[in-house]
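**Student:** coordinates only, sequence not included:
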């Protein structure tokens, strides 16, 4: 008795990549690379842009201590490094000292606006077409990862 193999074939299963620290890091550095390319045209670093954006988007004038606290949560760097960035931005006339406050200059505001204008179409191409439910799920996961990583960092630095 002879048997023959079935002629039916099944398509290979596609598996979605699993979100993990490596995937998060690769996405972060890919997106940051795009932003840093734009920032380089304006002679500003990623870290300086984070500090300047914090000053530009603040609801009220910020003291240097306020900005250190806010930026430290984003960049995870020490106060001395952040204060050095203040000095760099003051030297570039993108921030100005006004008594105890640091305020963005018109040039600082214009730079943040220009970077937004340049990166807007790029961001649209990167994020465009991703279903809203996928973005919502990714947002929830990233918020949870951020919360947990911040808690672990607090424990390590306590």
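**Tutor:** Everything's here; your move. Since this is a predicted model, take the numbers as computed values, not measurements.

**Student:** In which helix or strand does residue 96 reside?
**Tutor:** strand 95-98 (DSSP states H and E).

**Student:** the strands in the protein, which residues?
**Tutor:** Secondary structure of the chain by DSSP state E: the strands cover 62-63, 95-98, 101-104.

**Student:** Those strands into a markdown table, with extra columns for mean pLDDT, mean neighbour count and distance to residue 155?
**Tutor:** Quick note: C-beta positions are derived from backbone N, CA and C, even for glycine. A markdown table is the format used below for these (pLDDT from 0 to 100; neighbours: other Cβ atoms under 10 Å; distance: least, Cβ to Cβ, whole Å):
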| stretch | mean pLDDT | mean neighbour count | distance to residue 155 |
| --- | --- | --- | --- |
| strand 62-63 | 94 | 16 | 28 |
| strand 95-98 | 95 | 16 | 33 |
| strand 101-104 | 96 | 20 | 31 |
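
**Student:** Take the ones you listed and lay them out in JSON lines including distance to residue 36.
**Tutor:** Formatted as JSON lines, those follow (distance: least, Cβ to Cβ, whole Å):
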{"stretch": "strand 62-63", "distance to residue 36": "25"}
{"stretch": "strand 95-98", "distance to residue 36": "20"}
{"stretch": "strand 101-104", "distance to residue 36": "21"}
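
**Student:** which stretch among those comes nearest residue 147?
**Tutor:** strand 62-63 (24.5 Å; Cβ to Cβ).

**Student:** where are the low-confidence patches of the chain?
**Tutor:** In the predicted model of the chain, residues 1-13 satisfy pLDDT under 70.

**Student:** Pop the domain breakdown of it in here.
**Tutor:** What automatic domain parsing lists as the domains of the chain is 38-127, 130-158.

**Student:** Any idea which of those domains gets closest to residue 32?
**Tutor:** Of all the domains of the chain, it is domain 38-127 that lies closest to residue 32, at 6.4 Å by Cβ to Cβ.

**Student:** what's the span of the closest one, first residue to last?
**Tutor:** 18 Å (Cα to Cα, to the nearest Å).

**Student:** now residue 43, nearest residue through space, not along the chain?
**Tutor:** With Cβ to Cβ, 6 or more residues apart in numbering as the criterion, residue 43 has its nearest non-adjacent residue at 7.7 Å, and that residue is residue 92.
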